[in-house]
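Undergrad: need a structure here:
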Amino acid sequence: MLRGLRQAGPLCSASVSAFGVRPVVIFSGLMVAGGLILSSFAPSLYFLYFSYGCMVGFGCGLSYPATVTATCQYFDKRRGLALGIVSTGASIGTFMYASLQKVLISIYGLDGCLLIIGALSLNILACGILMRPLPQDPSPPLEKPMLEKTQDTYIIYREKETDPDETQGMLGIISGSETDRTCDVSSTHSGFVAPNSTANRDLEKNFCKQLVKTNCQRYLTYWLDTVDMLKNRVFVALFLAILFFDIGGFPASLLLEDVAKSANIPDQAMVVPLVSILGFSAAMGKLFLGILADFKWVNTVYLYAFTLLATGFILFAVPYANTYAVLAVLAGMIGIASGNWSIFPYVTTKTVGLDKLTHAYGILMFFAGLGNCLGPPLLGWCFDMTQTYEHAFYLSAICVIVGGLLLFLVALPLWDNCTRKNSKSPPKSYIYKPASNA
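TA: Residues are numbered from 1 along each chain as shown. The predicted structure follows:
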């Protein structure tokens, strides 16, 4: 449930566009810390569904896309390296948390562990405060007539005493940037206003209509941008690839310990847990792939598709591993290939552009969360039907390979050539030169 709330990605992208990265990260830190602290006082399992599943999951779903967006906005030349370092920090934190959790539970119990982790999560607020927005270059003013430069604002001013010889109201046109005078403002509108109660009610109605119209226009623009991005075939292939990858790749990596037990490998033989090997190699893979993505001769879309294909073929080989050494090597290879999370925002930026990164990344995280929700039940059903992990890994491998192959084929440049040929319209008129009579 916690990982499934990655589907909050579209909401996160809309929040970042409306409020900025810093407020979203601070709010997500409050959600994560508050959810963990409340979970330490949970009276029942159903309360944990809300406190840990919803609050912590929603907070994580907000913080990660916002952090990635800030990283892409801050760095241009070494964007891949920056994303690699940020993603590596997440992997190292996961690697350390597994050991820290065991120690805290053994000393303070589960409630104390959640309380301490919740207190540590408050550091997200400090990190969010440091994410200041980039200074914007001052754009030159547009050359318009003077009447178009200033928005007229009509303000009603009422006298306390009513005298037929005196003016009952005063209608002023005040420019907000050219005056410092203040008065008792009853209402403000960009149109003609009459100083009576009926006009005030009409004014409020018109103001509400204008506000609703503005918000509807923003929502319409958001959906039109979404439809425009869905016309990009590489973007469509990208969210299908991440969907298939999270259906097959993520759950299978967590089953390596169970595969070792089914192969009758004793616990004494596993010097280093396979999950730890997977986490450490994933951190190295994220850093390596991030550095590799900065080279100009590297096509990041093909690189990401290659990591998906490599992950799929490695998953195919897992059922044939009968020793700890082979499983350890396969776990390391899966970790390096799954380090493609560091270049995923880079690929998104190359596909839709930096100006649409926040919007597009939120959509992609929605499909990633959907894959996280569908993957574990699907593989669990496969294991229940066959009572072996062999077919479950085969199914995982097929899903990941389909996603990588689809992205690779769609990104081929031959489709651009076909589009250019089809876009050439036939001539609308023909000129015939009559033959001369010799």
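Undergrad: And stretch 370-388, what's buried?
TA: Of all the residues in stretch 370-388, those buried under the rule 16 or more other Cβ atoms under 10 Å are 370-376, 378-379, 382-383. From N, CA and C alone the C-beta is placed, and that goes for glycine too.
Undergrad: Show me which of those is closest to Leu255.
TA: Leu379 (7.4 Å; Cβ to Cβ).
Undergrad: Would you map the strands across the stretch 51-200 of the chain?
TA: Under the criterion DSSP state E, counting those that start in this stretch, the stretch 51-200 of the chain carries strands at the ranges 154-158, 169-173, 188-189.
Undergrad: Now Pro266. Its backbone dihedrals?
TA: Dihedral angles of Pro266 (phi, psi; degrees, to the nearest 10) stand at phi -70, psi 150.
Undergrad: Would you mind measuring from it to Ala260?
TA: 9 Å (Cβ to Cβ, to the nearest Å).
Undergrad: These two: which is more packed in?
TA: The neighbour comparison of Pro266 against Ala260 (other Cβ atoms under 10 Å) goes to Ala260, with 23 against 9.
Undergrad: burial measure for the residue nearest to Cys399 when sequence neighbours are not counted, as a count.
TA: Leaving aside its chain neighbours, Cys399 sits nearest to Gly248 (3.2 Å; criterion: Cβ to Cβ, 6 or more residues apart in numbering). Look at Gly248: counted by other Cβ under 10 Å, it has 31 neighbours.
Undergrad: Quick one: residues contacting Gly248.
TA: Applying Cβ atoms under 8 Å, 6 or more residues apart in numbering, we find Gly248 in contact with 312, 315, 375, 379, 395-400.
Undergrad: can I assume Gly403 is in contact with Ile242?
TA: Yes - counting by Cβ atoms under 8 Å, Gly403 touches Ile242, with 7.3 Å between them.
Undergrad: mind checking how far the residue nearest to Cys399 is from Leu254?
TA: Going from Gly248 to Leu254 by Cβ to Cβ gives 12 Å.
Undergrad: Same check on Ser51?
TA: In terms of Cβ to Cβ, Ser51 sits 23 Å off from Leu254.
Undergrad: What of Gly339?
TA: Applying Cβ to Cβ to Gly339 and Leu254 gives a distance of 16 Å.
Undergrad: Specify which residue of those two has the higher count of neighbours.
TA: Using other Cβ under 10 Å as the criterion, Gly339 and Leu254 rank with Gly339 on top: 24 against 14.
Undergrad: Surely the more buried one and Leu292 touch.
TA: No - if you go by Cβ under 8 Å, Gly339 and Leu292 don't touch, sitting 10.3 Å apart.
Undergrad: can you tell me which of the contacts of Gly248 are in helices?
TA: Among these, the subset assigned to helices under DSSP state H consists of 312, 315, 375, 379, 395-400.
Undergrad: pLDDT of the top helix by length along the chain, averaged?
TA: Ranked by residue count, the top helix of the chain under DSSP H comes out as helix 79-121. The pLDDT scores in helix 79-121 average 84.
Undergrad: ditto for stretch 307-319
TA: Average pLDDT, stretch 307-319: 91.
Undergrad: just how off-centre is it within its chain?
TA: Relative to its chain's centre, stretch 307-319 lies at 26 Å (Cα atoms, centre = their mean, to the nearest Å).
Undergrad: Please identify the buried residues of that stretch?
TA: 307-312, 314-316, 318-319.
Undergrad: with these in mind, which one is nearest to Gly20?
TA: Among the buried residues of stretch 307-319, and counting by Cβ to Cβ, the member closest to Gly20 is Thr307, at 32.0 Å.
Undergrad: about what we covered before: ok, the ones in helices among the contacts of Gly248 vs Ile117, which is closest?
TA: Closest to Ile117 out of the ones in helices among the contacts of Gly248 is Gly375 (25.5 Å), distances taken as Cβ to Cβ.
Undergrad: Now for that closest one: which residues touch it?
TA: 246-248, 250-251, 396.
Undergrad: In a markdown table, list the residues you listed along with secondary structure.
TA: Below are the contacts of Gly375 laid out as a markdown table (DSSP: H, G, I helix; E, B strand; the rest coil):
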| residue | secondary structure |
| --- | --- |
| Asp246 | helix |
| Ile247 | helix |
| Gly248 | helix |
| Phe250 | helix |
| Pro251 | helix |
| Ser396 | helix |
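Undergrad: quick one: the nearest residue to Ala82 once chain neighbours are set aside from Ile314, how far?
TA: In this structure, Ala82 finds its nearest non-sequential neighbour in Phe75, 4.1 Å apart by Cβ to Cβ, 6+ apart. With distances taken as Cβ to Cβ, Phe75 is found 31 Å from Ile314.
Undergrad: which residues are contacting the helix or strand where Phe27 lies?
TA: Following DSSP states H and E, one finds Phe27 within helix 21-39. Contact with helix 21-39 is made by 12, 15-16, 47-48, 51-52, 54-56, 58-60, 62-63, 66-67, 69-70, 73, 114-115, 117-119, 121-125, 127-129, 131-133, as judged by Cβ under 8 Å, 6+ apart.
Undergrad: What about those, which are in helices?
TA: 12, 15-16, 47-48, 58-60, 62-63, 66-67, 69-70, 73, 114-115, 117-119, 121, 123-125, 127-129.
Undergrad: Need the buried ones from those selected in ChimeraX.
TA: Restricted to buried positions by 16+ other Cβ under 10 Å, the ChimeraX selection for the ones in helices among the contacts of helix 21-39 reads:
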select :12,15,16,48,58,59,60,62,63,66,67,69,70,73,114,115,117,118,121,124,125,128
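Undergrad: care to break this protein down by domain?
TA: Domains of the chain are assigned by automatic domain parsing as 3-133+232-412, 152-206.
Undergrad: If anything else comes up later, I'll come back, but that's it for now.
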